[in-house]
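# The sequence and its predicted three-dimensional model are supplied below.
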Amino acid sequence: MNNGLIPLTAETESLLETVRSADILVGIPSFNNAGTVGHVVRAVGAGLAKYFNGHRAVLVNSDGGSTDGTAAIVAHTMVDLEPLFISDRQSTLQRIVTPYHGIPGKGSAFRTIFEIARRLKVTACAVVDSDVRSITPEWMELLLHPILKEGYDYVAPYYRRHKYDGTITNSIAYPLTRALYGQEVRQPIGGDFGFTGELAQHYLEKHVWESDVARFGIDIWMTTEAITSGAKVCQSFLGAKIHDPKDPAADLSSMLRQVVGALFALMESHAPSWLPITGSRKVPLFGFQYEVGVEPVNVNVERMVDFFHLGLTDLHDIWSRILSEDSLDQLSRLRGVPMRDFRIPDALWAQIIYDAALAHHRHVLPQEHLLKALTPLYLGKTASFVLDTQGLTSAEAEHLIEGLCRTFEKQKEYLVTRWPQSHDAREVIGAARARPERSQP
């Protein structure tokens, strides 16, 4: 590293000398996304031309060593501007296609994007997934306008998704993040974000880039870091999030470990921020909300319940080290319950997640073992949600997720009173709790 700068390829350095500065940067991290990245580039290019004509914009593809021609597609995809009636077409979209350095993963790709944003002194940035099939040119307006025109520092995505898509977000990431940090960011790990150039520099200065958080949890880290740093946060409605959905009973164990591991690690570093917070407040939402067609997600409830019961037998000793006696007792009562009556109540689920966070904090087990042991519990909760929502629309199922979030907030005291704190920290928390609760905007 030279003078605090992240190393870039010689070709990229040369391009940066040519470009010198830009107003807007849009980053696309990629790895073998030849089937979808061309559509993403066309949507980004058309959106920038339509909504930000006159701004100097650069598209950065930070690639992880694709072998399917992804980088070449990004470099050579044409953007059709004819339907947009753009009068000034003399400048084409400037593109920088570069490999990233560092440990493999999305975090290293983002680090390169942040570094290029810093070098070009950009005002506003956006990052979008390279495999999202539902992106439209309007996403550029929705992710960048709040930064450029409304004074926000961070824009989180807000999608319409099938009720059984994003179950890790619905049952863990959203309710836990909301209860901890007090802001109702519906998709904290959505993958498509807008943020200021200043926030990009703030991210670069954090010492996480060689950690598992950077490797596996960059999305939730960005959201959490934005909230805890005092950034002004909003959301934008992007419509459908269409990708390749997976059965929640499929092998999601690795993703669960990655997301929950990152959440728990962030709890450690940001405890002074979340310990005093009670309740939550709504986060402004930009964009016109409309109903969209979402792709069906097939689920196998019986398989999920079987995984849970297998865990109840095989992992009982491990669960007894992670969970409170009350949590384990309630779970044990589900042994032999008929499928139609199988339920993990919200209050029990919140207590389980808080028990796991406390066990992680106290290092009662190696982190990998602890996180793996949560998979049958997560599948049991997902099965419970499916059974509760079989006859409901996705919009109606959203009310149940809202109820789960409120339960996490109500039971946060269970976590706070058990989290080891210094005498000074207890005094600060007591003073914060004594102040009147924040009103909902």
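The structure has been received and is ready for your questions.
# Tell me where the stretch 101-250 of the chain has helices.
106-120, 138-149, 167-168, 174-181, 197-204, 212-216, 218-228 (DSSP state H, counting those that start in this stretch).
# Report the mean per-residue pLDDT for the last one.
Predicted confidence along helix 218-228 averages 96 (mean pLDDT).
# Which other helices and strands does that helix contact?
Here helix 218-228 touches helix 106-120, strand 154-160, helix 174-181, strand 193-196, helix 197-204, helix 253-269, helix 271-274, going by 3 or more CB pairs under 8 Å, 6 or more residues apart in numbering; DSSP states H and E. Bear in mind the C-beta positions are built from the backbone N, C-alpha and C, glycine included.
# what's the second one in contact with?
Translated: strand 154-160. Contacts with strand 154-160, where a contact means CB atoms under 8 Å, 6 or more residues apart in numbering, come from 126, 142-144, 146-147, 185-188, 190-196, 199, 222-223, 226, 231-241, 283, 285-287, 291-292, 294, 394.
# if you set the cut-off to 6 Å instead, what comes out?
143, 146, 185-187, 190, 192, 194-195, 226, 231, 233-238, 240-241, 285, 292 (CB atoms under 6 Å, 6 or more residues apart in numbering).
# how far does that strand sit from the chain's center?
In this view, strand 154-160 has its centroid 10 Å away from the chain centroid, taken as CA atoms, centre = their mean, to the nearest Å.
# and the angle from that strand to helix 197-204?
Relative orientation of strand 154-160 versus helix 197-204 (axes from the mean of the first three to the mean of the last three CA atoms, to 10 degrees): 90 degrees.
# A179 is in contact with E409, isn't it?
Yes. Counting by CB atoms under 6 Å, A179 does reach E409; the two are 4.8 Å apart.
# quick one, which of these two is more surrounded?
Neighbour tally, A179 and E409, criterion other CB atoms under 10 Å: the higher count belongs to A179, 25 against 19.
# OK, contacts around that one?
A179 neighbours (CB under 6 Å, 6+ apart): F408, E409, K412.
# what's the answer for P284, then?
Contacts of P284 (CB under 6 Å, 6+ apart): C234.
# Now with 10 Å, please.
P146, E150, Y152, V155, K232, V233, C234, Q235, S236, P441 (CB atoms under 10 Å, 6 or more residues apart in numbering).
# And L256, by the same measure?
Contacts of L256 (CB under 10 Å, 6+ apart): T167, I168, I172, P248, L371, K372, L374, T375, L377, Y378, L379.
# can you pull the alpha-carbon coordinates of stretch 50-67 into PDB?
C-alpha atoms of stretch 50-67 as PDB (Å, rounded to 0.1, in the frame of the first residue of the first chain):
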ATOM      1  CA  LYS A  50     -31.600   9.500 -18.900                       C
ATOM      2  CA  TYR A  51     -31.500  10.900 -15.300                       C
ATOM      3  CA  PHE A  52     -28.000  12.300 -14.900                       C
ATOM      4  CA  ASN A  53     -27.100  13.700 -18.400                       C
ATOM      5  CA  GLY A  54     -24.500  16.400 -17.800                       C
ATOM      6  CA  HIS A  55     -22.900  14.700 -14.800                       C
ATOM      7  CA  ARG A  56     -19.500  13.000 -15.300                       C
ATOM      8  CA  ALA A  57     -20.200   9.300 -14.600                       C
ATOM      9  CA  VAL A  58     -17.900   6.300 -14.600                       C
ATOM     10  CA  LEU A  59     -18.900   2.600 -14.400                       C
ATOM     11  CA  VAL A  60     -16.400   0.400 -12.500                       C
ATOM     12  CA  ASN A  61     -16.500  -3.400 -12.900                       C
ATOM     13  CA  SER A  62     -14.500  -5.000 -10.100                       C
ATOM     14  CA  ASP A  63     -14.100  -8.600 -11.100                       C
ATOM     15  CA  GLY A  64     -12.900 -11.600  -9.200                       C
ATOM     16  CA  GLY A  65     -11.200 -13.400 -12.000                       C
ATOM     17  CA  SER A  66     -14.100 -14.500 -14.200                       C
ATOM     18  CA  THR A  67     -13.300 -17.100 -16.800                       C
END
